[in-house]
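Novice: model this:
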Amino acid sequence: MTDFLLFLPELFFILGALLFFLFSLRKTPNPAGYHRWAVVIAAAGLLVTVACSHQDGMLFFNCYRVDLFSQIFKVLLALGTIWVIFSSGELKGIDSRQHAEYYFLIFVCTLAMMMLVSSVELLTIYVSIELSSYSLYLLVPMRRGADRYSEAGIKYFMIGVTASGLMIFGMSLLFGVTHTTYVPQLMKVLPAVITQPAAIVGLILALAGFFFKLALFPFHIWAPDVYQGASNQVTTYIATVSKMAAAAMIIRFAGLSGAASPAMIKLLIVLSIASMTFGNLVALIQKDIKRLLAYSSIAHAGYILIGILTLTTQGYASAMYYAAAYLVMNYSVFLVIMKVADDGHNLQIKELAGLHKRSPLLAMTLMLGLFGLAGIPPTAGFTGKFLVFAAALDKGYLFLVIIGMVNATISLYYYLIVIKAAYLLKPVKEYPAVHVDLWTRFMSIALVVMSIYLGVFPDQFLSLTEAAARTLF
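Specialist: Presented below is the predicted three-dimensional model:
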């Protein structure tokens, strides 16, 4: 019975996916009914995940670890999933005949990412990440008029399978060096052999799969085209929920190296600097807001990596906090995108002109979300950046913190351009009114409150992330 409870959240999402698989076999689609079922299942899934969050144990011949670290990320995954599904009521970017398949793939992907954060065996990790990736490969080209964005789906798939090949090759090197595929044994053996080239290369290549999902430089090439080519709801899911699983596995894998080798630390520093700098500089010239947020996500991957490469409890805890804050901040912005472009088209920054008159609440939500992404107090984004920078300073990486702060300053420019459009620009033509339903009002207020609360009172959640980080050692 205890083993059953350990796997209960995953089982619940399996049943949800199975239900929508059966719905997909029906000849007559029922989009409104599908959405109601999806909301009920996602809400119940979140409740089940929270109720099981105190569980601790091992499953499947010790391949699957349920601990505080994985449970925190499972709650974040379930939370992000229900947010995206709630926002899918007007799923105009996807043909009504494919709505059942859309919810089916969303639940399968969430299930795979839940399995990913609990997997502590290399092949189990590989299968989980492939299941989540292929779900997203199918979601991206599901958009109406996908012919115009076919390049995005092809690019996503080709770069994804390349990253997958690098990852499985790296895992084979790790197995060759350590003679085990179990993460706990790897944690014991790897520090003693981390100076060997095969171990360093194996660990970096194994991380490549997670770098790809996090859109970290140089595995970022897919992000702008996919963000722009996918429907708004699918882009929201990729930009928020999938980032949680990627961050979790990079943190867990980084813990493998123990003291790590200087070469690996230097490489991670280079990747962090390159991601921050490239993402922020290219974002400056974007006119499409989804492409802007894609390059922004590349920069934020670099910020998260600052906390991870410290290889300390404080660093891991700060990275976990930053990932949770990023979920709230990024979803705030995408909620506004989905409501303003409710017909499913790609939103240009100029289309936000006069938003404060069309919908003051959405304008405020957008502003707080962008303030958080820019790291302006008192938002969670400011606290997240402060924590990762503090962890890096504690390890003596002053130059890295300076580069991070310079990049945060650069990012202010393009975030303020969006805010300027919403509050100061006059629309060149009359845009349609923005329909804000009760759910959107509630969610907007909740996101604003969460962003400010996490920013001003981070202690409680930070204590939780520190306790979770300690389980990695």
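Novice: and the nearest residue to Ser132 once chain neighbours are set aside, which of the three is it?
Specialist: Closest residue to Ser132 apart from its sequence neighbours, by CB to CB, 6 or more residues apart in numbering: Ala112 at 3.6 Å. Every C-beta, even on glycine, is put in place using the N, C-alpha and C of the backbone. Secondary structure, DSSP: H, G, I helix; E, B strand; the rest coil: Ala112 is helix.
Novice: Please list all residues in contact with Ala112.
Specialist: By CB atoms under 8 Å, 6 or more residues apart in numbering, the contact list for Ala112 reads Ser128, Ile129, Leu131, Ser132, Ser135.
Novice: Secondary structure element holding the third one?
Specialist: It refers to Leu131. helix 122-139 (DSSP states H and E).
Novice: State the next helix or strand along the chain beyond that helix.
Specialist: Next along from helix 122-139, by DSSP H and E: helix 150-178.
Novice: before we move on, back to that, highest neighbour count among the contacts of Ala112?
Specialist: Ile129 (26 neighbours; other CB atoms under 10 Å).
Novice: Surely it and Val117 touch.
Specialist: No: counting by CB atoms under 8 Å, Val117 is not a contact partner of Ile129; they are 10.6 Å apart.
Novice: Overlap in contacts, those two.
Specialist: Met249.
Novice: Not counting stretch 348-358 itself, show me its contacts.
Specialist: Contacts for stretch 348-358 (CB under 8 Å, 6+ apart): 286-289, 292, 336, 340-341, 362-363, 366, 417-418, 421-423, 425-428, 431, 433-434.
Novice: switch to 7 Å and redo it
Specialist: Identification of contacts with stretch 348-358 by CB atoms under 7 Å, 6 or more residues apart in numbering yields 287-289, 340, 362-363, 366, 417-418, 421-423, 425-427, 431, 433-434.
Novice: Give me the residues contacting stretch 204-218.
Specialist: Taking CB under 7 Å, 6+ apart as the rule, stretch 204-218 contacts 129, 159-160, 163-164, 166-167, 169-171, 173-174, 219, 223, 242-243, 245-247, 249-250, 253, 264, 267, 271, 274-275, 278, 297-298, 301, 305.
Novice: how about that stretch: buried residues?
Specialist: Neighbour-count burial for stretch 204-218, with 16 or more other CB atoms under 10 Å as criterion, is recorded at 204-217.
Novice: now, which of those sits nearest Ile14?
Specialist: Using CB to CB, Lys213 comes nearest to Ile14 of these, at 21.5 Å.
Novice: Could you say which helix or strand holds the closest one?
Specialist: Assigned by DSSP H and E, Lys213 belongs to helix 197-214.
Novice: before we move on, what about Ser70?
Specialist: In this assignment (DSSP H and E), Ser70 forms part of helix 68-86.
Novice: Quick one: mean pLDDT over that helix.
Specialist: Averaged across helix 68-86, the pLDDT comes to 87.
Novice: other SSEs contacting that helix?
Specialist: Applying 3 or more CB pairs under 7 Å, 6 or more residues apart in numbering; DSSP states H and E, we find helix 68-86 packed against helix 31-51, helix 99-118, helix 232-254, helix 313-340, helix 459-470.
Novice: and if we set it to 8 Å?
Specialist: helix 31-51, helix 99-118, helix 232-254, helix 313-340, helix 438-456, helix 459-470 (3 or more CB pairs under 8 Å, 6 or more residues apart in numbering; DSSP states H and E).
Novice: for the ones you listed, which one sits closest to Pro191?
Specialist: helix 232-254 (12.4 Å).
Novice: Can you give me the buried ones in whichever helix or strand comes after that closest one?
Specialist: Counting by DSSP H and E, the next helix or strand C-terminal to helix 232-254 is helix 262-283. Of all the residues in helix 262-283, those buried under the rule 16+ other CB under 10 Å are 264-265, 267-269, 271-280, 282-283.
Novice: hmm, who's touching helix 262-283?
Specialist: 194, 200, 203-204, 211, 216-218, 220, 254, 257, 292, 295-303, 305-306, 308-309, 311, 397, 400, 403-404, 407, 410-411, 414.
Novice: now with 6 Å?
Specialist: Residues outside helix 262-283 that contact it (CB atoms under 6 Å, 6 or more residues apart in numbering) are 200, 216-217, 292, 295-296, 298-299, 301-302, 305-306, 309, 403, 407, 410-411, 414.
Novice: hmm, back to that, which secondary structure elements does the next helix or strand after the helix holding Lys213 contact?
Specialist: Next along the chain after helix 197-214, taking DSSP H and E as the criterion, comes helix 222-229. If you count contacts as 3 or more CB pairs under 6 Å, 6 or more residues apart in numbering; DSSP states H and E, helix 222-229 packs onto helix 150-178, helix 289-308.
Novice: Take these and write them to TSV, including mean pLDDT and distance to Ala51.
Specialist: Converted to TSV, these look like this (pLDDT from 0 to 100; distance: least, CB to CB, whole Å):
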stretch	mean pLDDT	distance to Ala51
helix 150-178	83	33
helix 289-308	87	29
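Novice: So which of the ones you listed is the most surrounded?
Specialist: Sort these by mean neighbour count, taking mean count of other CB atoms under 10 Å, and helix 289-308 sits at the top with a mean of 26.
Novice: what about Lys395, how many residues close to it?
Specialist: The number of residues packed near Lys395 is 16, by other CB under 10 Å.
Novice: Would you mind confirming that it is in contact with Leu309?
Specialist: No: the pair Lys395 / Leu309 is not scored as a contact, 8.5 Å apart, by CB atoms under 6 Å.
Novice: Need the residues touching each of these two.
Specialist: What both Lys395 and Leu309 touch, as defined by CB under 6 Å, 6+ apart, is an empty set.
Novice: quick one on the thing from earlier: quick check, nearest of the contacts of Ala112 to Gly89?
Specialist: Closest approach between these and Gly89, by CB to CB: Ser135, at 21.2 Å.
Novice: Pull up the gap between that closest one and Ser88, please.
Specialist: Separation of Ser135 from Ser88 (CB to CB, to the nearest Å): 15 Å.
Novice: how far off helix 122-139 does the helix holding Lys213 point, in degrees?
Specialist: Going by axes from the mean of the first three to the mean of the last three CA atoms, to 10 degrees, helix 197-214 is angled at 30 degrees with respect to helix 122-139.
Novice: now helix 197-214 against helix 262-283, angle please.
Specialist: Using the same axes, to 10 degrees, helix 197-214 lies at 20 degrees relative to helix 262-283.
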